[in-house]
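Asker: predicted model follows, preceded by the sequence.
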Amino acid sequence: MSRIGKYPVAIPDGVSVEVANDMVTAKGKLGELQVALLPEVAVDIADGMVTVTPRDAGKKARSMWGTTRSQIANAVTGVSEGFTVNLEISGVGYRAAVEGQNLVLALGFSHPVHYPIPKEITVKCERPTAIAISGSDKQKIGQMASEIRAYRPPEPFKGKGVRYANEQILRKEGKKK
């Protein structure tokens, strides 16, 4: 029994959800997202709610039940409210700036790192040490944030690097004389 899959997804005002050709399409003020359906799950729309049910009692159907429900919920939330991931940069001389369609990062390398920004994602740098990545597709935003963090992950001794805004870094003491 899936604990996530059994809950229906509420459709907010201004969002329309349709099921056609093994695809669930959510349209809202922030755009349109599609979720591919597997043959193991069935999706029904009634009374402003989307319900996902497994077609049989097999292991694959039960495992994809909650996953499909979460993907549909993320699509509905994405087209109505959107998602934002905040990154923080710490370190002497480490900074970020948006130049056209590129995010330029100075992370202590001999050259600046140029990261191309996809069209459906917006990136803002209010301060040189803060990056806000926002858009409607949760997977693409998370992937972009992960790739930016991978350039210089936070190190445990001084805490220098790129980290998520809510991430706690376990600090180490360092060498003693």
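Answerer: Right, received. Where do you want to start?
Asker: switch to C-alpha atoms for all contacts and neighbour counts from now on
Answerer: Will do.
Asker: pLDDT score for Met1?
Answerer: Reported pLDDT at Met1 in the predicted model: 55.
Asker: got it, and Gly108?
Answerer: 88.
Asker: also the one 10 residues further on?
Answerer: Per-residue confidence for Pro118 comes out at a pLDDT of 92.
Asker: got it, and Lys177?
Answerer: Confidence score, pLDDT, at Lys177: 79.
Asker: and Leu170, by the same measure?
Answerer: Reading off the model, Leu170 has pLDDT 86.
Asker: so what's it up against?
Answerer: Pro156 (CA atoms under 8 Å, 6 or more residues apart in numbering).
Asker: one more: Lys27?
Answerer: Taking CA under 8 Å, 6+ apart as the criterion, Lys27 is in contact with Val15, Ser16, Val17, Leu33, Val76, Val79.
Asker: which residues does whichever helix in the chain runs longest contact?
Answerer: In the chain, taking DSSP state H as the definition, the longest helix is helix 59-80. Contacts to helix 59-80, defined as CA under 8 Å, 6+ apart, come from residues 1-6, 8-9, 11-12, 14-15, 17, 24, 26-35, 37-38, 40-41, 51-55, 135-138.
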